[in-house]
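Novice: fold the following and give me the result.
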Amino acid sequence: MKKGLALSFLVLCLLGVMCSSSVAAVNWKWVHYQPVDSMADKLSKSMIAEIEEKSGGQIKFSLFPAGQLGDWMEMSEQMMRGAVQIGILPVSPAYNKALQVRVLPYSVMNWNEAKKAFSGEKPFLFDILAKEMDKTGLKALAVVAEGFGGAGFAKVPAFDVVDPDGDKHGLKIRVPAGNQAFESLAKQLGFIPASVPWGEIYIALQTGLVDCQIGGQPFNTFSSFLDITKMWVQLNTHFQHSFVYMNKKAWESLTPEQQKIVQDAARKFADTSFALAEAEDAKYMAEMEKAGIKIVKPTDEQLAKIAAKIRKNTWPIMESVVGKEIMDKVLAGLAALR
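Specialist: Take a look at the predicted model:
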């Protein structure tokens, strides 16, 4: 009798372990939009390897790089729905206008400020954005640095394009669709803003619909618009970055121990992106120069003049978009940086 009870107990225990293991084991889709062997690709592979190893194979991933499942906005929407579980992507303000603050022009001005604001001991911009992402069903894990934004011109203008008060002679500049911050930025710099989707920038530059594109770091222009760009101006308009983020329900399905494994891996490798991205900015400007593209690097004094004008005239517009409470938090955090 005792042997029978003991055997039954053992069988139940084994079944319990098997059931709990099968419930916990997952195989998720991991996405990013950058080319294979890019920084985002290498970071994705490093994070995946660490998570799979430390979870004992209970969390596995299938990697879909280089926008295989759509452009980054489409993949972000898939993540909101749960069709995709995790990845390294920008985050769109289409479902929450407050997320426009992530590319607030001339907020952080250099790499030191960017790292403190997004991944330091008090990463106030990350915390603000993570809270807003949560409202759209996304769990932010870490920030992946990509570079500082600039402007790529299809022709070399015969006049100064850096002075924000100079005559730009009606030059049209591409801005991201629906982004009030960049629309205002373009106007304050003296350009005519033209809303063009990312996938149509090349044709817009080629046909003269726009004279310039703004909104990305040197790597973006090198990889996508090299043969149609004649001049690159490193305006440091904003800190370009993506997030490591995942579907909120998928996150909540993990045990606390599994959550820690995922979170730790994301932060560990994402934090290395700041030094890597800074080096990439310099590398791809040098590569563009080798290809015959004129490189213009404004002085600190010129950038300070631009920043002062943008902060005075564009930031109040952003308050009406993202809300006073968020802008107050941003301004307080930025003040503490300097």
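
Novice: how about residue 135: what's its closest non-neighbour residue?
Specialist: Here the nearest residue to residue 135 in space, its sequence neighbours aside, is residue 96; by Cβ to Cβ, 6 or more residues apart in numbering that works out to 5.8 Å. From N, CA and C alone the C-beta is placed, and that goes for glycine too.

Novice: do you know how far the one you found is from residue 119?
Specialist: In this view, residue 96 and residue 119 are 22 Å apart by Cβ to Cβ, to the nearest Å.

Novice: comparing the two, which residue is more hemmed in?
Specialist: Per other Cβ atoms under 10 Å, whichever of residue 96 and residue 119 has more neighbours is residue 119, with 20 against 17.

Novice: can you tell me how far the residue nearest to residue 135 sits from residue 317?
Specialist: 18 Å.

Novice: please apply the same query to residue 287.
Specialist: Residue 287 sits 35 Å away from residue 317, going by Cβ to Cβ.

Novice: per-residue pLDDT, residue 120?
Specialist: Among the per-residue scores, residue 120 holds a pLDDT of 87.

Novice: which residues touch residue 117?
Specialist: Shown in contact with residue 117 (Cβ atoms under 8 Å, 6 or more residues apart in numbering): 107-108, 123-126, 239, 333-334, 337.

Novice: wait, residue 88
Specialist: 31-32, 34, 40, 43-44, 144, 242-244.

Novice: repeat that for residue 67.
Specialist: Taking Cβ under 8 Å, 6+ apart, one finds 33, 75 in contact with residue 67.

Novice: and stretch 100-108, end to end?
Specialist: With Cα to Cα, to the nearest Å as the measure, the ends of stretch 100-108 fall 15 Å from one another.

Novice: sorry, slip of the keys, the one I care about is stretch 280-298.
Specialist: 18 Å.

Novice: buried sites along it?
Specialist: 280-281, 284-285, 288, 293, 296, 298 (16 or more other Cβ atoms under 10 Å).

Novice: show me those that map onto helices.
Specialist: 280-281, 284-285, 288 (DSSP state H).

Novice: which one of those is nearest residue 204?
Specialist: Distance to residue 204 across those (Cβ to Cβ) is lowest for residue 288, with 19.5 Å.

Novice: pretty sure the closest one sits against residue 223.
Specialist: No: if you go by Cβ atoms under 8 Å, residue 288 and residue 223 don't touch, sitting 10.6 Å apart.

Novice: now do the shared contacts for the two.
Specialist: With Cβ under 8 Å, 6+ apart, residue 288 and residue 223 have no common neighbours.

Novice: neighbours of residue 251, how many?
Specialist: Residue 251 is flanked by 19 other residues according to other Cβ under 10 Å.

Novice: wait, it sits on residue 140?
Specialist: No: counting by Cβ under 8 Å, residue 251 sits too far from residue 140 to count as a contact (10.0 Å).

Novice: and stretch 174-192, how far out from the chain middle?
Specialist: With Cα atoms, centre = their mean, to the nearest Å as the basis, stretch 174-192 stands 19 Å off its chain's centre.

Novice: and the average pLDDT for that stretch is what?
Specialist: Here the average pLDDT along stretch 174-192 is 92.

Novice: same check, this time on stretch 153-162
Specialist: Averaging pLDDT along stretch 153-162 gives 97.

Novice: residue 123 against residue 116, yeah?
Specialist: Yes: under the contact definition of Cβ under 8 Å, residue 123 touches residue 116, with a separation of 7.4 Å.

Novice: buried ones in stretch 38-51, by neighbour count?
Specialist: 38-45, 47-48, 50-51.

Novice: with distance to residue 78, secondary structure and pLDDT added, can I get these in a markdown table?
Specialist: Below are those laid out as a markdown table (distance: Cβ to Cβ, whole Å; DSSP: H, G, I helix; E, B strand; the rest coil; pLDDT from 0 to 100):
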| residue | distance to residue 78 | secondary structure | pLDDT |
| --- | --- | --- | --- |
| 38 | 20 | coil | 94 |
| 39 | 22 | helix | 95 |
| 40 | 17 | helix | 97 |
| 41 | 19 | helix | 98 |
| 42 | 23 | helix | 98 |
| 43 | 20 | helix | 98 |
| 44 | 16 | helix | 98 |
| 45 | 21 | helix | 98 |
| 47 | 19 | helix | 98 |
| 48 | 18 | helix | 98 |
| 50 | 24 | helix | 98 |
| 51 | 20 | helix | 98 |
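
Novice: which one of these is nearest residue 234?
Specialist: Using Cβ to Cβ, residue 39 comes nearest to residue 234 of the buried residues of stretch 38-51, at 18.7 Å.

Novice: you'd agree residue 263 is up against residue 141?
Specialist: Yes: assessed by Cβ under 8 Å, residue 263 is found in contact with residue 141 at 5.8 Å.

Novice: ok, those two, which is more surrounded?
Specialist: The neighbour count for residue 263 versus residue 141, taken as other Cβ under 10 Å, is higher for residue 141 (24 against 17).

Novice: quick check: which element contains that one?
Specialist: strand 138-148 (DSSP states H and E).
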